[in-house]
Structure formats: C-alpha cells, structure tokens
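> compute the structure for the input listed below.
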Amino acid sequence: MKNFRFQLDSLLRLRARELETEEMRLATLRADLTRLERDIRQTVEESQNTSHAVASGTSSGAELGQLQHYRNALARKLKGMVKEQSACQFRIEQQQRKVVEANRRKRLIERLKERRLAEWTAEVEKEFQQLAEETYLSSWNRQ
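Numbers count the residues shown, from 1 in each chain. Alright, predicted model coming up:
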C-alpha cells in the first residue's frame with residue numbers, strides 16, 4: 001500500500017506563493033490609498049484654515065496676497081492628490097482582479113488534489129475490501 005502523493009504539490013505551493021504575493025501588493029496599494037486620503041484631509045484642513053484667516057479680516061494687503069497665493073498652491077496640490085487617489089483606486093481594482101485570478105488558479109489545483117485524494121482513498125478502501133474478502137475465503141476454506 002503506497003502513501004498518497006500529489007504530483008502537483010510543487011505547483012500548488014507556487015500558486016499559494018503567487019496568491020500571497022498578489023495579496024501583499026494589494027495591501028501595499030491600500031496602504032498608499034489610506035496615506036493619500038489622510039494627506040488630502042490635511043490639505044483640505046490647511047485650505048480651510050487659510051480661508052478662515054482671510055475671512056477674519058485682520059491681515060494686511062500683502063498678507064492677504066500671500067494667503068491667496070498659498071490657497072491657490074494648496075488647491076493645485078489637492079487637485080493633484082485627488083487625481084493620484086483616483087489612479088490608486090484604479091490600481092487597487094486591477095490588483096483585486098489579479099488576487100481573484102491567483103486565488104482561482106490556486107483553488108483549481110486544490111480541488112484537483114482533493115479529487116485525487118478521494119480517488120486514492122477509494123482505491124485503498126477497495127484494496128482493503130479485497131484483502132478482507134481473501135482473508136475470509138482463505139479462513140473459510142481451511143475449516
């Protein structure tokens with residue numbers, strides 16, 4: 001009686017590593033998106049603070065000009081970050097598809113392994129049954 005050995009175990013390990021790699025890439029992209037969202041919130045807060053400074057009316061003309069220039073720079077920065085956020089979300093969607101595909105490929109090999117194990121188990125049980133029948137018949141013939 002030979003032990004069960006799945007010939008595609010090395011492929012299964014490879015598929016598992018591929019899935020793990022794709023999941024790590026997805027986690028990195030999600031961390032990037034979280035950082036970007038935090039930076040966007042901070043930039044919006046800075047912009048609101050400068051708006052409050054302008055609205056308070058206690059600034060001189062030169063200061064108001066500098067504040068307006070700073071607000072314009074923040075608006076450009078915010079526009080760029082929002083664009084980057086959109087691109088990051090797109091990359092996340094693409095990476096999620098890669099994770100799903102890697103998981104599908106791994107699962108396919110796992111199901112094949114399960115099927116082969118079931119076939120092997122059935123063969124072993126059949127051999128045991130035949131052995132039991134032979135043992136019974138040989139003991140019956142001796143009586």
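
> for residue 42, helix, strand, or coil?
Applying DSSP: H, G, I helix; E, B strand; the rest coil to residue 42 yields a three-state assignment of helix.

> number of residues surrounding it?
Other residues near residue 42 number 11, with proximity taken as other Cβ atoms under 10 Å. Bear in mind the C-beta positions are built from the backbone N, C-alpha and C, glycine included.

> could you list the low-pLDDT ranges of this protein?
Applying pLDDT under 70 to the chain flags the ranges 1, 53-59, 141-143.

> the helices in it, which residues?
When assigned using DSSP state H, the helices of the chain occupy the ranges 9-56, 61-142.

> now the angle from the last one to helix 9-56?
I take that to be helix 61-142. Angular relation of helix 61-142 and helix 9-56 on a 0 to 180 degree scale: 160 degrees, by axes from the mean of the first three to the mean of the last three Cα atoms, to 10 degrees.

> for helix 61-142, packing partners?
helix 9-56 (3 or more Cβ pairs under 8 Å, 6 or more residues apart in numbering; DSSP states H and E).

> now the shortest one
Counting contacts by 3+ Cβ pairs under 8 Å, 6+ apart, the secondary-structure elements packed against helix 9-56 are helix 61-142.
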